[in-house]
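Peer 1: Kindly generate the corresponding structure for this input.
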Amino acid sequence: MNSPTVPDSPDAILDAAERLFAERGFKASTIQLLAAESDLSTALIYYYFGSKKGLYESVLARLFQQLGERGLAEVEADADPATGIRALLAVQGEMLLRRPHAARLLAREIIDFGASHAVPLVEQRLRGVFSGLATRIAEGQRTGQFRRDLEPTFAALSCISQIAWFALASPVVAVLLSETPDGPFPATRAAFGRHAAEFALAALRG
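Peer 2: You can find the predicted model right below:
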């Protein structure tokens, strides 16, 4: 007997789950709510992911995979250090600033689970990106583009922290800038992504 045809809908489920897990947290996000958010049946969610825990882990895995693959491509590209840093921060900005639920999801993961699900994903997907960024900074120091009194790994952390903080604190930042999240704020997020790269490079050049 042939198996029933299943719609190609994992991404729709993952998109809805990312939003719901970020807004409500893992415990309050029931399979029924997730099905309603994705406009799919609970049976289909179980078919693809097996359980709510499996779905949650898949949401995190997709986020880290996308950030890791694109980020690694940028830090490994044959470009000068400044261009590589700009490109990497552009990827980070696109992932976290244009995808506002992602930063909140990661914050909930840290608070609710002590990052227990995220740590192996960071090891697998992001360690190479971070090492590549630190290497770019060290390369810029060797060639005289960047100041040499900075520890490259600390400088790399400072580079990526700007966008991460802005993404997480967006509701507060919107108030500070006298904006609203549903007003012109998306344009401000994009502008800050560009600013973060130039600010980081200015600090590295001294």
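
Peer 1: C-alpha from now on. contacts and neighbour counts both.
Peer 2: OK.

Peer 1: can you map out the helices along the chain?
Peer 2: 10-24, 31-38, 42-49, 52-75, 81-96, 100-113, 118-121, 127-142, 152-168, 170-176, 185-205 (DSSP state H).

Peer 1: which of the residues in the longest one are buried?
Peer 2: Put plainly, it is helix 52-75. Within helix 52-75, the residues that count as buried by 16 or more other C-alpha atoms under 10 Å are 52, 55-56, 58-61, 63-65, 67-68, 70-72, 74-75.

Peer 1: any idea how far Pro172 is from Glu179?
Peer 2: To be clear, residue 172 is Val; Pro isn't right here. According to C-alpha to C-alpha, to the nearest Å, Val172 and Glu179 sit 10 Å apart.

Peer 1: That should have said Met95, apologies.
Peer 2: Distance from Met95 to Glu179, by C-alpha to C-alpha: 21 Å.

Peer 1: Between these two, which is the more surrounded one?
Peer 2: Using other C-alpha atoms under 10 Å as the criterion, Met95 and Glu179 rank with Met95 on top: 21 against 15.

Peer 1: what separates that one from Ser131, distance-wise?
Peer 2: According to C-alpha to C-alpha, Met95 stands 19 Å off from Ser131.

Peer 1: can you check Gln92 too?
Peer 2: 15 Å.
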